[in-house]
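> Below is the structure, and that's it, no one-letter string:
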């Protein structure tokens, strides 16, 4: 078990290096730091001195890969690649283009993100599963057909519509909840209801349809026929045997996105003004703060790989047939 | 008129040519034809095909770009160089067909079917007094002398539109019946009675005709009304929202189809190579797509578009017109969306090739000394094409929806380009107005919803027809 875990962690290293190289190429080779400086300073006729100043202030005034001017190990470490890219591997995010500490920001902002993403995931999963089970209970009837039509219609509606519609109806017309904003600590709950509700509804169509297909697939298996043959009731088969077996792919599908919940949802957070990592990223994109975007790309990749490892582990925990070697 | 070929236009025509070629090939082989006939035998399938074709037609009209001859063109050739005879403005056939809608601009917001502007203005009366009133629109309902006639006018035009639609529909139906009757060598009356009793093995022409009839009626009503009203209102700068919605169709369709087209070569090549050769090739390709896959898609797109913006702002002189710049950005967006989405198809293809490699005919070909390239092209490629097709159709609706979200984050298509995402983005804040400006949002969401719903329903039919055992995440 421990050996397997270590090997998986070892496999993650080349992937992280790949991600790191890719972001390095994307951010520093496709466009040189000079281009970035000119873009940030905003004007067509920027003086060379101004560009040099900007680069100096943000630490971009180093050679890309190899510093011939330095001596010893510094030939490799006094470079943009080492300072700006490799440091990400040990979670040293450095400071953003307007001088804030990115690591500090991330630690502070991941909690509001989680406060929205976690309820959406848990309550949404419960809703989708119950609805899917209900539809499967009435499979091959009118209920099934029309539920499916409703689900397809729901998943064909843009997520933006749910957000804008939710804000308009609940926030503006009915005055039930604040349209957007956030508050510290437990006072935040009234700002969370609407985004969570919208998140659940907008994921309902796709999720329920997917679980319905999963359950129907499971219903064709041999053990279900056996269960019926030995005289178990419909509800007993469905809610005990089928649900139990189908939970394995469902749970492992959920585990892979668990770490990514910290990253938050870009659109939801920025619409509802939640100070989480999603809106942090959006702000960085619109302010063209490359340091933050770079950090978030790397952080996302790390969390995704972590999720993959967790998935493998959860397989062994919930499915006794799987053994890790 | 001088035709102009933008980058995306060229790719659309390439896609069209490929589609026609494959379609021609398919009709000549019974085993390829069979699944398509299954699609055509589904009532939902044909109805949605009609809707999608209508969208496709608008998109195609909007893809043929021209530059019009300017009035100054009668000057002698020697005075000007060849290019200056034509106006610098690039227009599409759709622009020309809807030039009425395009040119009838108002000052600012006006509600659907309104004849007055949405905001008050200071109007100087003939007798010198100044009042604040809602002024009449320049074009919307300007033919009415008395505003109270509006209801009757709209009703009359609607009836006229319905009649026109029915007339055209009747003509088309008659042509179809005549064709079917000729093929089956019976009279048209027999064909008509056959259509109404539905037999399980036949193409449900009636569903197709009903959908077509409904569409034609809507089109003619819209045409009749749009000639004198802004049927979906006007936006902040007074542009007709109906026109914007129609123009956005091309953007949506392009993102949905070109993305898959540009990622196809990479996915096919790498997926089949990984499955067929195995060994270190497989390892490298798997490493490649795991790495790409582990970067969250939105962030990769954001990073790439940011870089493109830096490039564009530093090389502004390379793009003579806004249209060309927007076009390049659209193409790049398709490209980067393709980079984030090819991994799924690649993985599918790899798995399928792994299975096919062990098939008898591939083993036999290897034993007979057939080269790798021939085996891949002749034996593997045709047998994985259904996966490509299903992916192309399944991904389509998701990509159309993604465009709206990306445009909201400002990493989508160029802000000057007509797209549903841009419409939503610019109209979003207007919900806070009192009274509410709702029509831009409603129009964009409705047009998008119909397209995505049709694509989703059609995709389900295609998936069932091609591979009932294949399970993929439809989300």
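Nice, thanks for sending it over. These numbers were taken from a predicted model, which means no experiment stands behind them.
> List the buried residues for stretch A:144-152?
Buried residues in stretch A:144-152, counting neighbours by 16 or more other Cβ atoms under 10 Å in any protein chain shown, are found at A:144, A:147, A:151-152. Yep, even glycine has a C-beta here, placed from its N, CA and C like the rest.
> cool, stretch A:170-188 as well?
Along stretch A:170-188, these residues count as buried under the neighbour rule (16+ other Cβ under 10 Å): A:170-171, A:177-180, A:182, A:188.
> Format these as a markdown table; extra columns: pLDDT, secondary structure and distance to chain B.
As requested, those are exported to a markdown table (pLDDT from 0 to 100; DSSP: H, G, I helix; E, B strand; the rest coil; distance: Cβ to the nearest Cβ, whole Å):
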| residue | pLDDT | secondary structure | distance to chain B |
| --- | --- | --- | --- |
| A:170 | 86 | helix | 13 |
| A:171 | 81 | helix | 10 |
| A:177 | 76 | coil | 16 |
| A:178 | 79 | coil | 14 |
| A:179 | 76 | coil | 9 |
| A:180 | 77 | coil | 11 |
| A:182 | 79 | coil | 19 |
| A:188 | 76 | helix | 23 |
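> can you list the residues of the stretch 151-300 of chain B near chain A?
Applying Cβ under 8 Å from any Cβ of the partner chain, one finds that the stretch 151-300 of chain B approaches chain A through B:287-288, B:290-296, B:298-300.
> From residue B:164, how far off is the residue nearest the centre of chain B?
Among the residues of chain B, the smallest C-alpha distance to the mean C-alpha position (Cα atoms, centre = their mean) belongs to residue B:253, namely 2.3 Å. Computed as Cβ to Cβ, to the nearest Å, the residue B:253 to residue B:164 distance reads 27 Å.
> Map the structural domains onto the sequence of chain A.
What automatic domain parsing lists as the domains of chain A is A:2-90, A:104-323.
> Could you say which one of these comes nearest to residue B:171?
The minimum distance between residue B:171 and those falls on domain A:104-323, with 32.6 Å, by Cβ to Cβ.
> what's around whichever residue of the stretch 1-150 of chain B sits closest to chain A, how many residues?
When Cβ to the nearest Cβ is the measure, the stretch 1-150 of chain B has its nearest residue to chain A at residue B:44, with 9.9 Å between them. Look at residue B:44: counted by other Cβ atoms under 10 Å in any protein chain shown, it has 16 neighbours.
> for residue B:86, same thing?
Other residues lying near residue B:86 total 18 when counted by other Cβ under 10 Å.
> What residues sit buried inside stretch B:10-23?
Of the residues in stretch B:10-23, those buried (16+ other Cβ under 10 Å) are B:11-12.
> again, but for stretch B:148-156
Buried residues in stretch B:148-156, defined by neighbour count with 16+ other Cβ under 10 Å: B:153-154.
> Get me the contact residues on the stretch 201-325 of chain A for chain B.
Taking Cβ under 8 Å from any Cβ as the criterion, the stretch 201-325 of chain A approaches chain B at residues A:206-207, A:209-210, A:213, A:217, A:260, A:263, A:266-267, A:270, A:281-282, A:285-286, A:288, A:290, A:293-294, A:296-297, A:300-301, A:304-305, A:308.
> Surely the residue nearest to the centre of chain B and residue B:61 touch.
No: counting by Cβ atoms under 8 Å, no contact exists between residue B:253 and residue B:61, whose distance comes to 11.5 Å.
> quick one, helices of the stretch 151-300 of chain A?
Read by DSSP state H, counting those that start in this stretch, the stretch 151-300 of chain A holds these helices, from start to end of the chain: A:159-166, A:189-219, A:222-229, A:234-236, A:243-257, A:266-272, A:277-287, A:290-318.
> Looking at those helices, which is nearest to residue A:88?
Taking Cβ to Cβ, helix A:290-318 is the member of the helices of the stretch 151-300 of chain A nearest to residue A:88, at 4.4 Å.
> Give me the mean pLDDT for that closest one.
The average pLDDT for helix A:290-318 rounds to 84.
> now stretch B:409-417
Stretch B:409-417 carries an average pLDDT of 83.
> before we move on, what about stretch B:264-272?
Taken as a whole, stretch B:264-272 has a mean pLDDT of 91.
> quick one: that stretch to chain centroid distance?
What separates the centre of stretch B:264-272 from the centre of its chain is 25 Å, taken as Cα atoms, centre = their mean, to the nearest Å.
> got it, and stretch A:114-132?
Between the centre of stretch A:114-132 and the centre of its host chain there is 15 Å, according to Cα atoms, centre = their mean.
> what's the average pLDDT for that stretch?
Confidence over stretch A:114-132 (mean pLDDT, whole number) is 92.
> ok, residues contacting it?
Applying Cβ atoms under 8 Å, 6 or more residues apart in numbering or on different chains, the contact partners of stretch A:114-132 are A:147, A:188, A:192, A:195-196, A:199-200, A:203-204, A:207-208, A:211-212, A:214-215, A:243, A:250, A:254, A:257, A:261-262, A:264-265, A:268-269, A:274, A:276.
> Go through the helix or strand where residue A:122 lies and flag the buried ones.
With secondary structure defined by DSSP states H and E, residue A:122 is part of helix A:102-137. Taking 16+ other Cβ under 10 Å as the basis for neighbour counts, the residues of helix A:102-137 that come out buried are A:102, A:105-106, A:109-110, A:112-117, A:119-121, A:124-125, A:127-129, A:131-133, A:135-136.
> neighbours of residue B:382, just the number please.
Residue B:382 is flanked by 12 other residues according to other Cβ under 10 Å.
> What is the burial count for residue A:162?
Burial measure for residue A:162: 20 neighbouring residues, criterion other Cβ under 10 Å.
> and the residue nearest to it when sequence neighbours are not counted, how far is that from chain B?
In space, residue A:162 comes closest to residue A:202 once its chain neighbours are excluded; the distance is 4.2 Å by Cβ to Cβ, 6 or more residues apart in numbering or on different chains. According to Cβ to the nearest Cβ, to the nearest Å, residue A:202 stands 11 Å off from chain B.
> Could I get the contacting residues of residue B:297?
Residue B:297 makes contact with B:340-341, according to Cβ under 8 Å, 6+ apart.
> What pLDDT is listed against it?
82.
> To what extent is the closest residue to residue B:217 other than its chain neighbours buried, counted in neighbours?
Beyond its immediate neighbours in the sequence, the residue positioned closest to residue B:217 (Cβ to Cβ, 6+ apart) is residue B:165, lying 3.6 Å away. Residue B:165 has 23 neighbouring residues, counting by other Cβ under 10 Å.
> thought residue B:165 was touching residue B:223?
No: taking Cβ under 8 Å as the definition, residue B:165 is not a contact partner of residue B:223, at 9.3 Å.
> In the sheet, which strands lie alongside the longest strand seen in chain B, parallel or antiparallel?
Here the longest strand in chain B is taken by residue count, with DSSP state E as the criterion, and it is strand B:86-92. Paired with strand B:86-92 in the same sheet, following DSSP bridges, are strand B:65-69 (antiparallel).
> quick one: buried residues of the strand it pairs with?
Of all the residues in strand B:65-69, those buried under the rule 16+ other Cβ under 10 Å are B:65-68.
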